[in-house]
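Undergrad: What follows is a predicted protein model with its sequence.
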Amino acid sequence: MIVYVLRRLASAIPTLFIIVTLAFFMIRLAPGGPFSLERPLDPLIMQNLERAYNFDKPLWQQYLIYIGNLLQGDLGPSFTRRDFSVGDLFRTGLPVSIALGSLAMSIALVVGVLLGALAALRQNSWVDYTVVGTATLGITIPTFVIAPLLSLSFGVMMGWLPAGGWGTWQHMVLPVATLALPQIAIVARLTRGATIEALRSNHVRTARAYGLPARVVVGVHALRGAILPVVSYLGPTAAALLTGSVVVETIFGIPGIGRYFVQGALGRDYTLVMGTVVVIACFVIVFNLIVDILYAWLDPRVRYD
Amino acid sequence: MRPLMKAALLSTAIVLCVAYAVTSASAEIVYNRGNDTDPTTLDHQKTSTVAEGNLMRDLYEGLVVQDAAAKIVPGVAESWTVSDDGLVYTFKLRQDAKWSNGDPVKASDFVFAYQRIQKPETAAPYANMLFPMVNAEAINKGEKQATELGVKAIDDHTLEITLTSPTPYFLELLTHQTGYPLHQASVEKFGDDFTRPGNMVTNGAYMLEAFTPNDKIAMRKNPHFHDAANVQIDVVNFIPFEDRATCLRRFEAGEVQSCSDLDNQQMDYMKANLGDQLRIAPYLGTYYLPVKVKKEKLADPRVRQAISMAIDRDFLANQIWRGSMLPAYSFVPPGIGNYGENAVLPYAKDDILDREDAAKALLAEAGVAEGSLTVELRHNTGENHKNTMTALSDMLKNIGISSTIVEMEGTGYFDYMKQDGDFDITRAGWIGDYSDPQNFLFLFESQNLGFNYPRWANPEYDALMQKAAQTIDIDERAAVLKQAEELLLKEMPIIPIMYYSSGSLVSDKLKGWEDNVMNVHGTRWLSLAQ
């Protein structure tokens, strides 16, 4: 197993390298640059700026400089937020995004699996219909609708929670709810489907035939298999949730890293975009690995030796 | 050991209780202030946007400052004299001006700042604001040494600035953030890191406490500020709101006391529900349409004039922009300083139907048969820009001109226009940096390739601008500039269609906020009722 993990981690290095290289050259294809503003700069001043940030050098030299710095763990300066390095921005933003994302994911996992299993056990009853109905609704309503609605109702009208901002636990409630709701819905549907299937499978029937209590049959034997699709869904989702959501961060005014990708791309903040790409790529690689390991643990048929 | 621990715990508890009592007894006045966006940097010499200007106005004080009504009043300088030829300004600095660390503000701090902003390695985007100073431009080009700048500290409290040519709006220029001083010792000590909380030393009513990107910039009242006794708000948190609707919600929830911009889609709602808290004031800016004059089909000024006539500006301002813009019939916005009565298009007051008839007649005169002219209307991404162009397209159809609409993403758009892109008609906006008509009219001087999107070259216009630059008498100069604008409006290389207005939300609790054409509202002039 350890060999497998090490091998996977080693293969991540060329993957990352290719991603970084592609991203570096692709963003340069976009017209404009970090200093193209609605109000064009004096050409002389533009020259000064370009010199200060190495933009006057040929692209391949800029690339080598970037890779060189990256290997030393330096993500470079941000062009649109010049009081910070890209590393600084992630150091302050990432904990915020991770806090929100992990809370939302834990809630989605627990509530979603519970609801899904419940619906499967009471298939075609009113419980099932309610769960499936609510879940379908939860998936269809986009976050950019839920977020302002929650903020408006609980923040402005009822005044129970802050309408936006960051700082106390109260500030986390609405954004976490916004992030968690659609995930609960998806997880519940996945669990329901998989559980129904598992309940009909041979090993569950065998367990039942042995006279094991229903609690053990469902909780240990059925759910263990039923959770597999949820795990494989949650891998990439976790990477997405933990690296922040543009919509939720913009609407609630949260200082996470979700907005940097969009802000960076629109402002042609090359290094910030690159930094986001690197961070997201790392998360995706790590979570895919975690999913594969969990698979081996949950499903006795999977072995990586 | 035990008793020692107890004593320590007890004393800590006492200290904490006392501290709590003190802080809660003198409850701080905290103002949560919505701002358009986060700054690129807090190094004011490297800033350029309005949002950055709002921050710098609280952190720094220039030689002169704008009061609540944006009138120029003494700042660090308590008085000044101007030589008869208008070239030498001598400022007397106040004795009690101090930096936030207690150091006195000296004339040399201004010299240091003004030299630094012109150095090529500073790469200041707005260094040209101070180009009227002797040798400033040459230093910025790297042709001269920074020490050759026309700025001298006669003594600690006397500053002499020499200009290349008389600049009637020079004091206006000094109110811009590029005119602020720098604390030489901390800039030299910390280099690029001088803007970090803890390092940053400022001389304004406030000083930097914390900066969390996408969250807030917290500033605390500067106890050393010379007018600190009259500064009523203890802490101001500048909160960036890229989504204006978010600011509106937090405003309604009472979490922020002002918003620097409005969500135009909710204009009707705000008008109905917010009463006097919704402020819409004329602003120093114009929304206009550059027309590529060298294209054959648009080369005749009569064609351009006809297009202008057919544009129903009231409809655009009131329907498309929901009253957040004002109809415009001149390029220089009204209410600007050093100008007097504006130049205005002759058909400003005519009915739109009459104007359409006149436009058709003008097109016929220019030899354009009805239905034979097709133009491309190009705009950058933006819901309101798109709607404006769609409405324009309909209006042009009324006089027999057909059109196609092309949308471009923002960042590439302005480069495209700047680099003489192959467009017919586009949109652009200009917000003045200082209240003077020159700051608008210089855009279309023929050598101004960065801003002259239509690539219009008119020797007469250039000569008038040149003449205005050399005229010292303010009224005489205003007359020359007005002649230039009249020529611009006659030739119509750009079609002015709307003036910008500033829209703000200002809580009833926030006192002292006066609407003004520059839309500047320093926190030191405001107070907050609890």
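TA: On my side now, so go ahead.
Undergrad: Quick check: residues of the stretch 51-200 of chain A near chain B?
TA: With CB under 8 Å from any CB of the partner chain as the criterion, the stretch 51-200 of chain A meets chain B at residues A:51-52, A:80-84, A:89, A:92-93, A:148, A:151-152, A:155-156, A:159, A:162-166. For glycine as for every other residue, the C-beta is placed from the backbone atoms N, C-alpha and C.
Undergrad: among these, which ones are buried?
TA: A:80-84, A:89, A:92-93, A:148, A:151-152, A:155-156, A:162-166 (16 or more other CB atoms under 10 Å in any protein chain shown).
Undergrad: Quick one: low-confidence residue ranges for chain B.
TA: The model of chain B has pLDDT under 70 over residues B:1-26, B:411.
Undergrad: which ones are touching B:Asn140?
TA: For B:Asn140, the contacting residues are A:Leu44, A:Ile45, A:Asn48, B:Gln118, B:Lys119, B:Pro120, B:Ala127, B:Asn128, B:Phe131, by CB atoms under 8 Å, 6 or more residues apart in numbering or on different chains.
Undergrad: Now, the residues you listed that are in helices?
TA: Those of the contacts of B:Asn140 mapping onto helices are A:Leu44, A:Ile45, A:Asn48, B:Gln118, per DSSP state H.
Undergrad: Most neighbours of all those, which one?
TA: B:Gln118 (27 neighbours; other CB atoms under 10 Å in any protein chain shown).
Undergrad: From one end of stretch B:93-103 to the other, what's the distance?
TA: Terminal residues of stretch B:93-103 lie 14 Å apart, using CA to CA, to the nearest Å.
Undergrad: Pull out the buried residues from it.
TA: Across stretch B:93-103, burial judged by 16+ other CB under 10 Å covers B:Leu93, B:Arg94, B:Ala97, B:Lys98, B:Trp99, B:Ser100, B:Asp103.
Undergrad: which of these sit farthest apart?
TA: B:Leu93 and B:Ser100 (17.0 Å; CB to CB).
Undergrad: In TSV, list the contacts of B:Asn140 along with distance to B:Gly512.
TA: What follows is these, written out as TSV (distance: CB to CB, whole Å):
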residue	distance to B:Gly512
A:Leu44	41
A:Ile45	36
A:Asn48	40
B:Gln118	36
B:Lys119	38
B:Pro120	41
B:Ala127	33
B:Asn128	33
B:Phe131	34
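Undergrad: For the stretch 201-305 of chain A, which residues are neighbours of chain B?
TA: Proximity of the stretch 201-305 of chain A to chain B (CB under 8 Å from any CB) is limited to residues A:Glu249, A:Thr250, A:Ile251, A:Phe252, A:Gly253, A:Ile254, A:Pro255, A:Gly256, A:Arg259, A:Leu266, A:Gly267, A:Arg268.
Undergrad: Can you tell me which of those residues are buried?
TA: Neighbour-count burial (16+ other CB under 10 Å) applied to these gives A:Glu249, A:Thr250, A:Ile251, A:Phe252, A:Gly253, A:Ile254, A:Pro255, A:Gly256, A:Arg259, A:Leu266, A:Gly267, A:Arg268.
Undergrad: Now compare those residues and name the two farthest from each other.
TA: Largest separation among these by CB to CB: A:Phe252 and A:Arg268, giving 26.3 Å.
Undergrad: Helix, strand or coil: sort out B:Tyr500 for me.
TA: Recorded secondary structure, B:Tyr500: strand (DSSP: H, G, I helix; E, B strand; the rest coil).
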